[in-house]
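[1] what follows is a predicted structure for the sequence shown.
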Amino acid sequence: MGSEETLDNLGYSLLKDLRFEIGENQTCFNLCFWVFLPSSTPVPSTILHQLHSKNPFLALKEDKRLVLSPSVLLQKESSDSEGISSAKVPCAVSDVEFPLARWAHIGCQVFNNVIRIYLDGKVVGERHLDSSTDRQADLESFTKVTISAVGNGLKCLDGYVHNAVVLPSSTSIEGHHVKDPPMCLCIDSSSVSDIELEGDGIWKVFGGKASCRKMFSSDVLLLNAFGELVDKELEVVASLTYADNRAPVEKSKDDDAPLLTTCNGLEFPSDDKPRKLLRGRASFQLNVCRLSSECDNKMFSIKFHLQKRRNFPFFEAFTPPIRCILKTCDTKISTITWKKLPSGFHLFNGSSLPHYGVGHSELQLQQNPNAVGTSLESIQENYGEIDNSGSDSESVGARISELKSIPCIRDLTSDLTIFRYCLGGLSERSLMLKETSLYSSEQEMAEMAEKISFFSGCSHHRQQIMIAKILLEEGERAWNLISRNSHRVQWDNVVFEIEEQFMRITGCSTRSLTQQDLNFLRRISGGHEYLTKDNFDKMWRWLYPVAFTISRQGINTLWATMSPKWIEGFFTKEEVEYALQSPVGIQEPGTFILRFPTTRSWPHPDAGSLIASYVGSDFSLHHKQLSLDYSSDIFYSSEKPLQELLLSEPELSRVGRISRSDLTV
């Protein structure tokens, strides 16, 4: 197989260079490879030729179904062969269409008694063969068979190949499918902000002069064929192109770059400022300087591509068409504004990466050595699946979207860094903490946490920043231990290690996770049979703050106490509400259940917090957050145990119970 135009040493090559040599008397074999065929691929067409025969080895029918017809089963390769009638060649036809414009894994299984087509690790076509003494004799006599993407005098299809091998019959095609999948670049549509979306899917942005244009944001992801983030030290470049022909947009008459990117508050020509992928993600804050009216009213598209590797279409990602106008050109306010979507990657078939986070009410528990003071702050509870808002105690000004960006962080305690963190959403904060944790000491992270807590007016930020470094490091260590270099791990094989990690972090050896707790964590991770790195990260970012909270003095005692059971386990808000509203009637006022909110994950300020769900004096249900200042010595010096502090609250009088048998919804 040729090696022309490969991407470093990652194993990407052109389809025209694909060539297999089937060895002497190798009558049973598996042929496997990843292939990327563009959407313009003609049908019908031949993907692989048999050089000893006029018949194709692997072809694409008019309806885009694969056809496997190995004539090696009928005739040995020889220099004077004139081919075999296609009617005599056994063939298997897939029962599904072959996908274009994305990576697909093909497996061709050729045995004496059966031939099979595999697509993305699954059998999609099969043909059983009749035994034949003559055929067996021919099979044992051939010396070598050549299968190539280039036929005699025939034009090869345009396409790309990754990890192409001939495997012995004893090696599974499914195993090859999950090993070393190819990569592609795509746009995370859930990260796009500050653009207006027109009814036909066109983006509308404000551009032109510096005083008129408006910055917008987008994240670019490096994924493997399974939709998992890939951690590679590569850089991504953004450039402005025309939407119709993908040609680059020229500079203005003043020689200004057509597209600018922002870093540390400064603007640079986007071509001169690539962004480094950090754990598979690169964030861009962009400004379009050219107007559509200056370019014959053409629409633009932003092209993201890996630096110096523009010839590979799977390492390019394009935005939808963009109409760039001056603010004064269209005073009508659009009724459709692009909001952060729940999930979804633009381009190819990337899988979803949902996020978690909410805001809700807070129960303040203040302590001092001599007395217990309490106060209730009622804030509307909002349990949404997606919420990039900050803590409830943060100011409304934190929602200013124009200032959201991921900086090239140099000084953790600079005003610019603190300012950006306070005004950023969850995804922006997560990326900032990932970047800073790579090269910052715990002391530097602590100083950053103190400043952000002070200037944001929210002490809850402190804990999330303080645990960032160890959360990420232990998460990577735990995944490496669980996965053992595999891309996916069956959930049943993960359970034991998750429980071990949880008990180690909590420091509680007397109480382990129940099966219900593990089922809950599985739902948090996505509920799939196999766990990917991305699924694990979602679960870990919820579980680690919870385990860290349980490890703290007072909370640890609550968790370990089994009679009464102060913290039942991991339950959703709906399950707790159902338990408090028992089938025979609502429970007595003051009955409460402590739970961890399922919709708050790191780095949300309230990740790992405790919620008191209780029956009020009006017999209605309330949910309020238990807020404890762990940074204060008062918390540790209080003579009263936390159980007494809870029961001293006027709204809370008795611990409720919840069990799986109670839940019928």
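    Ah, there it is. Computed from a predicted model, the values in this text were never measured in an experiment.

[2] helices and strands around the helix or strand hosting residue 205, which ones?
    Using DSSP states H and E, residue 205 falls within strand 203-206. If contacts are counted by 3 or more CB pairs under 8 Å, 6 or more residues apart in numbering; DSSP states H and E, strand 203-206 sits against strand 196-197, strand 322-325. Where C-beta positions appear, they are placed from N, C-alpha and C, glycine not excepted.

[3] now the element after the longest helix seen in the chain, going C-ward?
    Longest helix of the chain, by residue count under DSSP state H: helix 533-551. As assigned by DSSP H and E, the chain's next helix or strand after helix 533-551 is helix 555-560.

[4] can you tell me the average pLDDT over that following helix?
    For helix 555-560, mean pLDDT is 92.

[5] which positions within that helix qualify as buried?
    Residues of helix 555-560 classed as buried: 555, 556, 558, 559, 560 (neighbour count, 16 or more other CB atoms under 10 Å).

[6] same question for stretch 268-275.
    Under the neighbour-count criterion of 16+ other CB under 10 Å, stretch 268-275 has 270, 271, 273, 274, 275 buried.

[7] I'd say residue 159 and residue 36 touch.
    Yes - contact criterion CB atoms under 8 Å: residue 159 and residue 36 qualify, at 5.9 Å.

[8] which elements pack onto the strand ranked longest in the chain?
    The longest strand of the chain (DSSP state E) is strand 183-193. Counting contacts by 3+ CB pairs under 8 Å, 6+ apart, strand 183-193 is packed against strand 216-224, strand 300-306, strand 316-318, strand 345-346.

[9] take those and lay them out in JSON lines including mean pLDDT and distance to residue 281.
    Below are the helices and strands packed on strand 183-193 laid out as JSON lines (pLDDT from 0 to 100; distance: least, CB to CB, whole Å):
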{"stretch": "strand 216-224", "mean pLDDT": "90", "distance to residue 281": "6"}
{"stretch": "strand 300-306", "mean pLDDT": "94", "distance to residue 281": "12"}
{"stretch": "strand 316-318", "mean pLDDT": "93", "distance to residue 281": "13"}
{"stretch": "strand 345-346", "mean pLDDT": "40", "distance to residue 281": "11"}
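
[10] domain parsing for the protein?
    Following the assignment in automatic domain parsing, the chain carries domains at 12-178, 183-346.

[11] how far away from the center of its chain is the first one?
    With CA atoms, centre = their mean, to the nearest Å as the basis, the distance from the averaged C-alpha position of domain 12-178 to the chain average is 34 Å.

[12] can you give me the end-to-end distance of it?
    One end of domain 12-178 sits 17 Å from the other (CA to CA, to the nearest Å).

[13] what do you get for stretch 520-539?
    Start-to-end, stretch 520-539 (CA to CA) is 10 Å.

[14] got the contact list for residue 67?
    The contact partners of residue 67, by CB atoms under 8 Å, 6 or more residues apart in numbering, come to 56, 58, 59, 60, 61, 91, 92, 93, 94.

[15] quick one: mean pLDDT for stretch 91-107?
    Averaged across stretch 91-107, the pLDDT comes to 94.

[16] mind checking which helix or strand of the protein has the lowest mean pLDDT?
    Ranking every helix and strand in the chain by mean pLDDT, DSSP states H and E puts strand 372-377 at the bottom, with a mean of 32.

[17] off-centre distance for the helix or strand following that strand?
    Next along the chain after strand 372-377, taking DSSP H and E as the criterion, comes helix 415-423. Relative to its parent chain, helix 415-423 has a centroid offset of 25 Å by CA atoms, centre = their mean.

[18] pull out the buried residues from helix 415-423.
    Using 16+ other CB under 10 Å as the test for burial, helix 415-423 gives 417, 418, 419, 420, 421, 422, 423.

[19] could you dump that helix to PDB, C-alpha only?
    Taking C-alpha atoms only, helix 415-423 is exported to PDB below (Å, rounded to 0.1, in the frame of the first residue of the first chain):
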ATOM      1  CA  ASP A 415      -7.800  41.100  36.000                       C
ATOM      2  CA  LEU A 416      -8.400  39.900  32.400                       C
ATOM      3  CA  THR A 417      -8.400  36.200  33.400                       C
ATOM      4  CA  ILE A 418     -10.600  36.800  36.400                       C
ATOM      5  CA  PHE A 419     -13.000  38.900  34.400                       C
ATOM      6  CA  ARG A 420     -13.300  36.400  31.700                       C
ATOM      7  CA  TYR A 421     -13.900  33.500  34.000                       C
ATOM      8  CA  CYS A 422     -16.600  35.400  35.900                       C
ATOM      9  CA  LEU A 423     -18.500  36.300  32.700                       C
END
